[in-house]
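# build the 3D model from these lines:
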Amino acid sequence: MKSSLRRIGLVAAAVPMLALAAPAAASADAMFLDSTTTADHEGAAITVVESITRRDGTVVYRTTTYTAGLGGAHVHVVYSSAL
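Below is the predicted model of the structure:
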C-alpha cells in the first residue's frame with residue numbers, strides 16, 4: 001500500500017513540472033550539427049554541416065569546408081536561409 005501511495009505522490013508531483021516544461025521545450029530552437037574529416041598524404045579537409053530552425057520558423061543551413069594541401073589552404077561556405 002505504501003508503494004502505491006509513493007507512486008501516486010511521485011506522479012502527482014511530476015505532472016505539474018511536465019506541464020510547465022512542455023511549452024518551453026516546444027518553443028525552443030532546434031539544431032543539427034555534423035562534421036566529417038579526411039586526411040591523406042596530399043592534404044586534409046573538414047566539412048561542418050549546421051542546420052538551425054528558430055522559434056519564429058526561420059531555417060538556416062550552412063556548410064563550411066576547410067581544406068589544406070599542396071595547393072594551399074581554402075575555405076568554402078554555402079549559406080542558405082528561409083522564412
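
# only C-alpha atoms for contact and neighbour calcs from this point on.
Fine.

# the host helix or strand of A73 packs against which elements?
Assigned by DSSP states H and E, A73 belongs to strand 72-82. Counting contacts by 3 or more Cα pairs under 8 Å, 6 or more residues apart in numbering; DSSP states H and E, strand 72-82 packs against strand 59-69.

# now with 10 Å?
strand 43-53, strand 59-69 (3 or more Cα pairs under 10 Å, 6 or more residues apart in numbering; DSSP states H and E).

# so Y66 touches A45, yeah?
Yes. Counting by Cα atoms under 10 Å, Y66 touches A45, with 5.5 Å between them.

# common neighbours of those two, please.
Shared contacts of Y66 and A45 (Cα atoms under 10 Å, 6 or more residues apart in numbering): 37, 73-75.

# any low-confidence regions in this protein?
1-28 (pLDDT under 70).

# now with 50, please.
24 (pLDDT under 50).

# pull up the pairing partners for the strand holding A73, direction included.
strand 59-69 (antiparallel) (DSSP bridges).

# give me the contact list for the strand it pairs with.
30-54, 73-83.

# output that strand as CSV, restricted to C-alpha atoms.
Output of strand 59-69 as CSV, limited to C-alpha atoms (Å, rounded to 0.1, in the frame of the first residue of the first chain):
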residue,chain,number,x,y,z
VAL,A,59,15.5,27.9,-41.1
VAL,A,60,19.3,28.5,-41.6
TYR,A,61,21.5,26.0,-43.3
ARG,A,62,25.3,26.3,-43.6
THR,A,63,28.0,24.0,-44.9
THR,A,64,31.6,25.0,-44.4
THR,A,65,34.6,23.1,-45.8
TYR,A,66,38.2,23.8,-44.8
THR,A,67,40.9,22.3,-46.9
ALA,A,68,44.7,22.4,-46.7
GLY,A,69,47.1,20.7,-49.1
